[in-house]
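Peer 1: Mind folding the following:
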Amino acid sequence: MSAALATAALYPVIRAHRIALGVSQEAFADQIGMHRTQYGAIEQGRKDCRLSTLIRIAQALQVDLWELLRQAQQTPPKRRPRGIARS
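Peer 2: Numbers count the residues shown, from 1 in each chain. Just a heads-up that it's a prediction; the model follows:
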């Protein structure tokens with residue numbers, strides 16, 4: 001799986017975990033010390049983030065980062081990320 005496809009698969013997994021916790025985007029962003037619009041852009045796949053941010057997100061979701069990555073690898077992205085051509 002390419003890095004772009006892996007990234008596209010990761011953000012819906014993060015969103016699903018946040019929703020399962022019953023937390024709004026705004027409340028979650030506040031919890032991890034990030035502005036709501038910045039976090040929303042990450043969750044929607046419009047903005048990439050650093051490893052340190054992914055670690056903060058995973059901790060707030062109460063799940064190991066490796067588990068989020070494993071789930072993303074097993075879940076195909078619902079849409080093709082920008083810059084990835086059709087095959």
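Peer 1: Which strands or helices does the lowest-mean-pLDDT helix or strand in the chain pack on?
Peer 2: Taking mean pLDDT, DSSP states H and E as the measure, the helix or strand of the chain with the lowest value is helix 3-21, at a mean of 87. Using 3 or more C-beta pairs under 8 Å, 6 or more residues apart in numbering; DSSP states H and E as the contact definition, the elements that helix 3-21 packs against are helix 25-31, helix 36-43, helix 51-61, helix 65-74. C-beta here means a position set from N, CA and C on the backbone, and glycine is covered the same way.
Peer 1: again, 7 Å this time
Peer 2: helix 36-43, helix 51-61, helix 65-74 (3 or more C-beta pairs under 7 Å, 6 or more residues apart in numbering; DSSP states H and E).
Peer 1: just so I know, which of those lies nearest L5?
Peer 2: helix 65-74 (9.4 Å; C-beta to C-beta).
Peer 1: so where is the protein shaky, pLDDT-wise?
Peer 2: Scanning the chain with the threshold set as pLDDT under 70 gives 1-3, 76-87.
Peer 1: Give me the most central residue, it.
Peer 2: Closest to where the C-alpha atoms of the chain average out (C-alpha atoms, centre = their mean) is Y11, at 2.6 Å.
Peer 1: Would you check that that residue makes contact with R46?
Peer 2: No: taking C-beta atoms under 7 Å as the contact criterion, Y11 and R46 are not neighbours in contact, 9.1 Å apart.
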